[in-house]
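In: take a look and give me a structure for this.
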Amino acid sequence: PLAHGLFGDTFVWMDGSCNYLYPMLFLLIGVLPFWNALRGRPLSRPLQWICPIFFVVAGLMHEQIAVALFVFCIASLFLLKKQRPVPPYFSVLFILSAAILIFTFTCPGAYYRLSTTSYATTNHQELLILNLINYFSVFSGTLWPVSVLMGLCSLYFLHQCPMGWFPRLLKLLICLGCVFSALAKPIGLPAKSIFWVFFFVIYYLAILLGFLLAAHEMPQYQFLPALYLSLWSSQAIPAVLGAVGRPMFPLIILTL
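Out: Numbers count the residues shown, from 1 in each chain. Model prediction:
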């Protein structure tokens with residue numbers, strides 16, 4: 001998407017490339033051990049040594065990636081343990097992700113940077129609500145295709161699950177979410193409202209439940225909830241700060 005300078009800030013500016021493009025690339029390589037295990041695919045021995053290096057570098061390069069890695073590890077371990085004992089290799093990666101997260105959020109430089117922005121007083125409840133409104137408003141505006149794409153993916157996998165009242169309810173909620181995301185701007189609904197915060201939280205939770213149901217019914221889709229949770233965990237900081245634009249780059253890439 002070209003909205004909010006996301007493309008230009010990420011691919012044209014060196015600062016954007018270093019902070020978002022390369023960490024995202026390293027993340028995609030670093031999580032291959034978990035990804036292949038969730039998909040039931042073997043990982044070659046060279047990659048077993050190479051992936052942890054990219055894993056650590058990706059987490060240290062950006063705090064959003066550090067959070068995404070940590071959540072992805074937790075979700076993957078939980079899903080893998082339901083089927084078979086987890087090798088120590090994955091436990092080591094989880095410990096590394098936890099260490100990276102602790103280092104990231106105890107590093108003084110991160111808080112110094114936040115104190116120099118206009119979002120430094122996020123401890124105020126009113127500002128937090130305003131930031132959440134600003135963040136979620138883009139999903140009914142310029143980034144509505146991303147919101148609809150998530151819903152369509154969940155509907156596709158739900159369609160393959162046995163039908164009951166709960167899957168049907170999820171389908172209804174997700175369909176309504178897709179329609180409202182796409183039509184909110186054309187029919188003139190307010191762009192920034194607390195309504196959109198509640199609306200999209202319910203909508204995205206319904207999508208998550210759809211992925212969890214698909215993973216429960218069909219083990220080959222276990223990667224879905226892990227990927228989806230890490231996708232949104234990468235947006236925890238931007239949502240609290242009300243930041244749109246290049247901070248949403250991990251969301252866009254992982255959605256695609």
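In: and A214, how many neighbours?
Out: 23 (other CB atoms under 10 Å). No exception for glycine: its C-beta is placed from N, CA and C like everyone else's.
In: Q222 is in contact with that one, correct?
Out: No: proximity of A214 to Q222 does not meet the contact threshold set by CB atoms under 8 Å, at 9.1 Å.
In: can you list contacts of stretch 216-225?
Out: 35, 38-40, 75, 79-80, 83, 157, 160-162, 208, 211-212, 214-215 (CB atoms under 8 Å, 6 or more residues apart in numbering).
In: could you rerun that using 6 Å?
Out: By CB atoms under 6 Å, 6 or more residues apart in numbering, the residues outside stretch 216-225 that reach it are 38-39, 79, 161, 211-212, 214-215.
In: buried residues in it, which are they?
Out: Buried residues in stretch 216-225, counting neighbours by 16 or more other CB atoms under 10 Å, are found at 221-225.
In: try stretch 191-208
Out: So for stretch 191-208, counting by 16+ other CB under 10 Å, buried means 196-197, 199-200, 203-204, 206-208.
In: which strands and helices lie in contact with the helix or strand containing W49?
Out: Assigned by DSSP states H and E, W49 belongs to helix 45-61. Applying 3 or more CB pairs under 6 Å, 6 or more residues apart in numbering; DSSP states H and E, one finds that helix 45-61 contacts helix 22-30, helix 63-81.
In: among the ones you listed, which comes closest to S140?
Out: Closest to S140 of these, according to CB to CB: helix 63-81, at 22.6 Å.
In: any idea how far the following helix or strand past the closest one is from the chain center?
Out: Per DSSP H and E, helix 63-81 leads on to helix 88-106 as the next helix or strand towards the C-terminus. Computed by CA atoms, centre = their mean, to the nearest Å, the chain-centroid distance of helix 88-106 equals 18 Å.
In: residues in contact with helix 88-106?
Out: Looking at what lies outside helix 88-106 - CB under 6 Å, 6+ apart - the contacts are 56, 59, 63, 66, 69-70, 73, 77.
In: lowest-confidence entry in the residues you listed?
Out: By pLDDT, E63 ranks lowest within the contacts of helix 88-106, coming in at 91.
In: re the thing from before, show the buried residues in the contacts of stretch 216-225.
Out: So, of the contacts of stretch 216-225, 38, 79, 161, 211-212, 214-215 end up buried under the neighbour-count rule (16+ other CB under 10 Å).
In: taking the residues you listed one by one, which sit in strands?
Out: Nothing among those maps onto strands, per DSSP state E.
In: in TSV, list these along with pLDDT.
Out: Listed next are these as TSV, based on pLDDT from 0 to 100:
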residue	pLDDT
L38	93
L79	92
C161	82
F211	95
L212	94
A214	91
A215	90
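In: pull the most distant pair out of the residues you listed.
Out: Farthest apart among these - using CB to CB - are L38 and C161, which lie 18.1 Å from each other.
In: top of the contacts of helix 88-106 by neighbour count?
Out: L69 (29 neighbours).
In: isn't that one up against G59?
Out: Yes: between L69 and G59 there is a contact under CB atoms under 6 Å: 5.0 Å.
In: neighbours of N19, just the number please.
Out: N19 has 20 nearby residues by other CB under 10 Å.
In: and for the residue lying closest to it once chain neighbours are set aside, the neighbour number?
Out: Residue nearest to N19 in three dimensions, not counting chain neighbours: H62, with 5.8 Å by CB to CB, 6 or more residues apart in numbering. When counting by other CB under 10 Å, one arrives at 24 neighbours for H62.
In: how close does H62 get to L132?
Out: 21 Å (CB to CB, to the nearest Å).
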